[in-house]
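Novice: got a predicted model here, sequence first, then my questions.
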2 protein chains.
Amino acid sequence: MYKPPTEPETLARQRDADRTRAALLVAARTLFSTRGFANTGVRDVADLAGVNSSLVGRYFGSKQGLFRAALDSVLDISPVLRGDRHRFCADMVSALCNTPDARGPLAMMILSAADPEAHATSVELLQTKVLTPLAEWLGPPDGAWRAAQLHILWSGFLTSWRLLPIQALDDTRIASARRWLEAATQAIVDEGAP
Amino acid sequence: MYKPPTEPETLARQRDADRTRAALLVAARTLFSTRGFANTGVRDVADLAGVNSSLVGRYFGSKQGLFRAALDSVLDISPVLRGDRHRFCADMVSALCNTPDARGPLAMMILSAADPEAHATSVELLQTKVLTPLAEWLGPPDGAWRAAQLHILWSGFLTSWRLLPIQALDDTRIASARRWLEAATQAIVDEGAP
DNA sequence: GGGGCTTGTACACAACTGTTTACTTACGAC
DNA sequence: GTCGTAAGTAAACAGTTGTGTACAAGCCCC
């Protein structure tokens, strides 16, 4: 059988650990937030990233480590909190709906909540990286409780829109629903300063 | 080695197909609503029900068939809708929080949303067995949209309470949170008749 | 009491899982 | 150039999964 002297198309991939790690994180965010933790195999992530599956173990220790790193890398609301206070609601709703990789961190956490370890990771990171800073930003009175109300509202909206889609939030009605979400968010924020 | 003439403890289980089917459904509801579809094996369900795992295939065709049957068997809000109109909010919140088998149908659907087929089943049954009847019950104006608002509120609450628990809804604060949920529900119901 | 259908059990099967190991190859310092 | 280390690959591992099949046994009707 003929064999070409040097493999033509599979010219050796450039070796770049940082790039590989980043590609794995992007693929992980995409798949975990779409199919959840249990329905995503490390081979799926590696294939999407275009790298070998054993590199997951090398760079992140385990599938769980990859999940934590992927979630941690995208769970950050400080940009919105640092922005204009008038723009908070619009920015937040926008960040919630226009998610960069697939369906965003909230979907990633909820779809992966069935796995005990991924669940623990999500609970921890959600509290420290979202709810606590948000409660501080809202300030007294009842910053923590209003932060919780916001989270309830947002997770309910996201669940009903993308995770368990209902007819009232389909493509033809999503625009007005987003306006409603923004108004509802504003109402909770304003509870503090009537 | 001695062998007793007739097995003493494993005396033949009485053969009752209906009872077996029912036991499988209870076990399925419990596990699916706790661990989700992907993290629940047919052997787990069968073991919890105390029957042989191959009976899942016989009685429900497949694991997917079991999921549909289990969800269908518990997704029914007509008792609440038939009750006193004044009691609607209290009954609904109670039904949402005091779920008979483990965590109830909403948790079951959300935790299983990562699986494509279980997801399709959930979307279909949720619309036909909950949202549509609820929208009719609410009536004009905007029955469908107010039903959607209720679903967003409830699914957000349940997610933040049991699926991805936040500190603001822990055991010490859940009582007042339930009162808040009831009031918020009432507000949406009353939107129709100010 | 004895077929015949139903109920239940045990087991085999192939596919897939996350992880680990042994190995090859590229890059950079000397 | 060459040598050592980092980067990447392939394959094997043991465990688990859903499903199907072959077999044992109870129940009911005749």
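Specialist: Done, it's in. These numbers were taken from a predicted model, which means no experiment stands behind them.
Novice: show the contacting residues for A:Arg103.
Specialist: Residues touching A:Arg103, when contacts are defined by CB atoms under 8 Å, 6 or more residues apart in numbering or on different chains, comprise A:Ser33, A:Thr34, A:Arg162. Glycine gets a C-beta too; all of them are placed from N, C-alpha and C.
Novice: ramachandran coordinates for it?
Specialist: phi -120, psi 10 (degrees, to the nearest 10).
Novice: output the contacting helices and strands for the lengthiest helix in chain A.
Specialist: Across chain A, the longest stretch assigned as helix under DSSP state H is helix A:17-35. Packing contacts for helix A:17-35, counted by 3 or more CB pairs under 8 Å, 6 or more residues apart in numbering or on different chains; DSSP states H and E, involve helix A:42-49, helix A:54-60, helix A:63-74, helix A:104-111.
Novice: at 6 Å what do you get?
Specialist: Applying 3 or more CB pairs under 6 Å, 6 or more residues apart in numbering or on different chains; DSSP states H and E, one finds that helix A:17-35 makes contact with helix A:42-49, helix A:63-74, helix A:104-111.
Novice: do it and DNA strand D meet at all?
Specialist: Yes - using CB under 7 Å from any atom of the strand, helix A:17-35 reaches DNA strand D at A:Ala17, A:Arg19, A:Thr20.
Novice: pull out the buried positions in the helix or strand where A:Leu126 lies.
Specialist: Taking DSSP states H and E as the criterion, A:Leu126 maps to helix A:116-126. Counting neighbours by 16 or more other CB atoms under 10 Å in any protein chain shown, one finds that the buried residues in helix A:116-126 are A:Ala118, A:His119, A:Thr121, A:Ser122, A:Val123, A:Leu125, A:Leu126.
Novice: buried subset of the residues of helix A:17-35 next to DNA strand D, written for PyMOL?
Specialist: Isolation of the buried members of the residues of helix A:17-35 next to DNA strand D (16+ other CB under 10 Å) is achieved in PyMOL through the command below:
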select buried, chain A and resi 20
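Novice: so stretch A:96-115, near DNA strand C or not?
Specialist: No - if you take CB under 7 Å from any atom of the strand as the test, stretch A:96-115 misses DNA strand C, and the best it gets is 10.0 Å.
Novice: buried sites along that stretch?
Specialist: Residues A:96-97, A:99, A:101-115 are the ones in stretch A:96-115 that count as buried (16+ other CB under 10 Å).
Novice: so how far is it off the chain centroid?
Specialist: Centroid displacement of stretch A:96-115 relative to its chain, using CA atoms, centre = their mean, to the nearest Å, is 4 Å.
Novice: hmm, back to that, ok, so of the buried residues of helix A:116-126, who is nearest DNA strand D?
Specialist: Within the buried residues of helix A:116-126, the smallest distance to DNA strand D is 16.2 Å, found for A:Ala118 (CB to the nearest atom of the strand).
Novice: need the residues of chain A near DNA strand C, please.
Specialist: Taking CB under 7 Å from any atom of the strand as the measure of proximity, chain A contacts DNA strand C at A:12, A:14-15, A:40-44, A:53-54, A:56-57, A:62-64.
Novice: can you pick the most crowded of those?
Specialist: For the residues of chain A next to DNA strand C, counting by other CB atoms under 10 Å in any protein chain shown, the largest number of neighbours falls to A:Thr40: 25 neighbours.
Novice: next, the angle from the longest helix of chain A to helix A:63-74.
Specialist: If you take axes from the mean of the first three to the mean of the last three CA atoms, to 10 degrees, helix A:17-35 sits at 90 degrees to helix A:63-74.
Novice: just the CA coordinates of helix A:17-35, formatted as PDB?
Specialist: Output in PDB follows, covering the C-alpha atoms of helix A:17-35 (Å, rounded to 0.1, in the frame of the first residue of the first chain):
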ATOM      1  CA  ALA A  17      -0.500  24.500  26.300                       C
ATOM      2  CA  ASP A  18      -2.400  27.700  27.000                       C
ATOM      3  CA  ARG A  19      -4.200  27.600  23.700                       C
ATOM      4  CA  THR A  20      -5.200  23.900  24.300                       C
ATOM      5  CA  ARG A  21      -6.400  24.700  27.800                       C
ATOM      6  CA  ALA A  22      -8.500  27.600  26.500                       C
ATOM      7  CA  ALA A  23     -10.000  25.500  23.700                       C
ATOM      8  CA  LEU A  24     -11.000  22.800  26.200                       C
ATOM      9  CA  LEU A  25     -12.600  25.500  28.400                       C
ATOM     10  CA  VAL A  26     -14.600  26.900  25.500                       C
ATOM     11  CA  ALA A  27     -15.700  23.400  24.500                       C
ATOM     12  CA  ALA A  28     -16.600  22.500  28.000                       C
ATOM     13  CA  ARG A  29     -18.700  25.600  28.500                       C
ATOM     14  CA  THR A  30     -20.500  24.900  25.300                       C
ATOM     15  CA  LEU A  31     -21.300  21.300  26.000                       C
ATOM     16  CA  PHE A  32     -21.900  21.500  29.700                       C
ATOM     17  CA  SER A  33     -24.400  24.300  29.300                       C
ATOM     18  CA  THR A  34     -26.200  22.500  26.500                       C
ATOM     19  CA  ARG A  35     -26.200  18.900  27.600                       C
END
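Novice: residues contacting it, please?
Specialist: Identification of contacts with helix A:17-35 by CB atoms under 6 Å, 6 or more residues apart in numbering or on different chains yields A:40, A:44-45, A:48-49, A:51, A:59, A:66, A:70, A:73-74, A:101-104, A:107-108, B:114.
Novice: residues in chain A within reach of DNA strand D, list them.
Specialist: Taking CB under 7 Å from any atom of the strand as the criterion, chain A approaches DNA strand D at residues A:Arg13, A:Arg15, A:Asp16, A:Ala17, A:Arg19, A:Thr20, A:Val51, A:Asn52, A:Ser53, A:Ser54, A:Leu55, A:Arg58.
Novice: please repeat the previous calculation with a cut-off of 6 Å.
Specialist: Of all the residues in chain A, those in contact range of DNA strand D (CB under 6 Å from any atom of the strand) are A:Arg13, A:Arg15, A:Asp16, A:Ala17, A:Thr20, A:Val51, A:Asn52, A:Ser54, A:Leu55.
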